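Q: Below are the sequence and a predicted model for it; my questions follow.
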Amino acid sequence: MDPPYTASDLGYCIKLDPATGAKNTDECWTDGVDYYDEAECCGAGGEYCDPSTTEYASSAWHWCEKSEPVDPCEGSCFAGGKKNGGGFFENQSYCRRLSTMQCYVDVDEADCNSWADYTWCGMTPAPTVTPQPTVDVCGAASCDHCLKLSNSDCKTGKSHDTQSECEARGANYEWCGAPEPTPQPTISPQPTTVCGDCEYCLKLSNSDCKTGKSHDTQSECIAQGVNYEWCGAPEPTPQPTVAPPWAASVTCDNYGSVDTSSLKVITCNGKDACKDSNKNLTPSGAQDGVLVICNGEKACSGNAVHTMNSGAGKPVAVVCCGEGACEGNYQLDVNVATSVYGHCKGKDACKGNVDWTVASGGSLHVSCTNSGSACDDADFEVLGGGVATCSGNCNKVDTNRRRLGDAAAPAGDWCAARCPACAAVDGGNGFDFGDAPSCVCFDGAVPDGTEVTLTPYDDCARVSGNELYVYADDGDDIVEAVGDYIYLDGGWGDDTLAASGGYNYVVGQGGVDTCFNGGEGGCTCEIKDCGDEDEPSAAAAP
């Protein structure tokens, strides 16, 4: 008998999971395919064993070469393939070719030993164990609980009712009931160590830490696919964009384009349309705000009174458009804390004994345009703590100003008047209040060079010192800063920010902000009065 045809390499092929690189199965071959050499396993160009190729992504393999010294009779025979230990024909003798390690189970010992380059591998059969008959001690005693073997007594109660209780009594007891469920092992989470020293985008297949060319941010790295892991710091969660109240942008020129589907609208259109009339501005629960339109000559003039008694927090916009539209004794009484915006356009539009008043805690911003007499002698005021400003042609600057109150007021009184619902803080544990669960009010001096951070809520602060950085964070904040070289940042929200001293800078950031800067420096806000800027004065600094 001639020796069988054999392969040319000493090794075997393993199927892998392309995503993880782990063995797909414990077998060294799959689907009955016989891999005899490295070229047949990995492909002529090695593409099925190279993680960087597209072929590897759909069918991944790994070639395992046997190393010297080679034991020709190691393990069992794996027919059709070559495996370094273990096999398909367990405990069965076989013939092995020495040069290739190919094994054959259909060859007898005499033929195998007659060929050069072959050796016979005889396997010792496992001993045959004769099964012993099983004695059903439980059935014989008709027991379905804990059986005491010495006297066939079926025990219940007194710590005999479970398998663990019965077996704890020793070898003289046999549990005859249903077995207790086997508890599942607790698997401890394994630490993630793939990143190592990489602080950017890690390519998993070759542990290459990538930078540049769209690998420098978490989003760019993740976009590269499953073979990439971001190892740097996580990208910050983007902050929501806070839109200013709709009422802040309403003017005589655009009120007709306002979406009024969720608003209460008072329309006085035409000459003397609502002259000497009383109007109730209070919105219903389903309405989100109030729009008052006084359009036309003397449309809301004379002794007209517009009153709002509930609806705190719902913005109000009032437009007085045309000659004398809201002149005379026109009175606007908003008796709740909310934001009120007004626009007076035209000759004498809001001139005279005009009185606009908003309750403590609210804000009032009025714009007077087109005529030097548009708002002559008009009073715009927020009672108690709050904001009142007038921009444009406002001649009663002392009245049309932010009502911050007496700068010398005691700390408790100052905070109580402006933020009565906020917790008073003293800085005893530092001046970063950002983790507070609700709004705070701070009133006092801080060391020069200090950074003061408020909360994301509606805070108040009166701060004194030099070279300070004051960050109000989100919310509708009221902040006064006294000193030199102060940077006051309002963050998001409709803030009122004031600085007095030298070389200070006030920044409103998002929202509709009101800024005052009484010394050299500057400010960036929607409504502002900055001492060294060449622009019309909008309000007097407190």
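A: Structure's in. What do you need?
Q: what about Asn227, how many neighbours?
A: 15 (other C-beta atoms under 10 Å). C-betas here are computed from N, CA, C, even on glycine.
Q: looking at it, it is touching Ser205, isn't it?
A: Yes - using C-beta atoms under 8 Å, Asn227 makes contact with Ser205 at a distance of 5.4 Å.
Q: pLDDT of stretch 462-477, averaged?
A: Taken as a whole, stretch 462-477 has a mean pLDDT of 90.
Q: That one: how far from the chain's middle?
A: Distance of stretch 462-477 from its chain centroid, counting by C-alpha atoms, centre = their mean, to the nearest Å, is 26 Å.
Q: what about Cys166, is that helix, strand or coil?
A: helix (DSSP: H, G, I helix; E, B strand; the rest coil).
Q: One more: Glu40?
A: The local conformation at Glu40, judged by three-state DSSP, is helix.
Q: got a list of what Ala349 touches?
A: 320-327, 368, 370-371, 374-375 (C-beta atoms under 8 Å, 6 or more residues apart in numbering).
Q: repeat that for 7 Å
A: If you count contacts by C-beta atoms under 7 Å, 6 or more residues apart in numbering, Ala349 has them with 320, 322, 324-326, 374.
Q: Distance check, it against Gly342.
A: For Ala349, the distance to Gly342 (C-beta to C-beta, to the nearest Å) stands at 10 Å.
Q: Same check on Trp246?
A: Using C-beta to C-beta, we find Trp246 at a distance of 14 Å from Gly342.
Q: The two - which one has more neighbours?
A: Between Trp246 and Gly342, counted using other C-beta under 10 Å, the more crowded position is Gly342 (25 against 17).
Q: Quick check: bridge partners of the more buried one?
A: Val318, Val366 (DSSP bridges).
Q: do the same with Cys64
A: The partner residues for Cys64, given DSSP bridges, come to Tyr12.
Q: thinking again about what came up before, quick one: which of the contacts of Ala349 is most hemmed in?
A: Greatest neighbour count in these, by other C-beta under 10 Å, goes to Cys326: 35 neighbours.
Q: Quickly list the domain ranges of the chain.
A: Domain segmentation of the chain under automatic domain parsing yields 11-121, 140-175, 201-230, 250-392, 411-530.
Q: Export those as TSV, with columns for distance to Pro181.
A: Listed next are those as TSV, based on distance: least, C-beta to C-beta, whole Å:
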stretch	distance to Pro181
domain 11-121	28
domain 140-175	10
domain 201-230	37
domain 250-392	57
domain 411-530	46
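Q: Pick out the shakiest of these, pLDDT-wise.
A: Taking the mean pLDDT of these, domain 11-121 comes last: a mean of 72.
Q: Quick check: which element contains Ala416?
A: Under the criterion of DSSP states H and E, Ala416 resides in helix 411-418.
Q: residues in contact with the helix or strand just after that helix?
A: For helix 411-418, the following helix or strand on the C-terminal side (DSSP H and E) is strand 423-425. Here strand 423-425 makes contact (C-beta under 7 Å, 6+ apart) with 412, 415, 433, 438, 440-442.
Q: List buried members of those residues by neighbour count.
A: Buried subset of the contacts of strand 423-425 (neighbour count, 16 or more other C-beta atoms under 10 Å): 415, 433, 440-442.
Q: Give me the subset of the residues you listed lying in strands.
A: Among these, the members falling in strands (DSSP state E) are 440-442.
Q: Give me the neighbour count for the residue lying closest to Ile222 once chain neighbours are set aside.
A: In this structure, Ile222 finds its nearest non-sequential neighbour in Trp230, 6.2 Å apart by C-beta to C-beta, 6 or more residues apart in numbering. Per other C-beta under 10 Å, the neighbour tally for Trp230 reads 21.
Q: Enumerate every residue touching Trp230.
A: 201, 218, 221-222.
Q: hmm, 10 Å instead?
A: Contacts for Trp230 were tallied using C-beta atoms under 10 Å, 6 or more residues apart in numbering; they are 195, 198-202, 215, 217-222, 224.
Q: hang on, isn't Ser142 packed against Ser152?
A: Yes - between Ser142 and Ser152 there is a contact under C-beta atoms under 10 Å: 9.5 Å.
Q: If anything else comes up later, I'll come back, but that's it for now.
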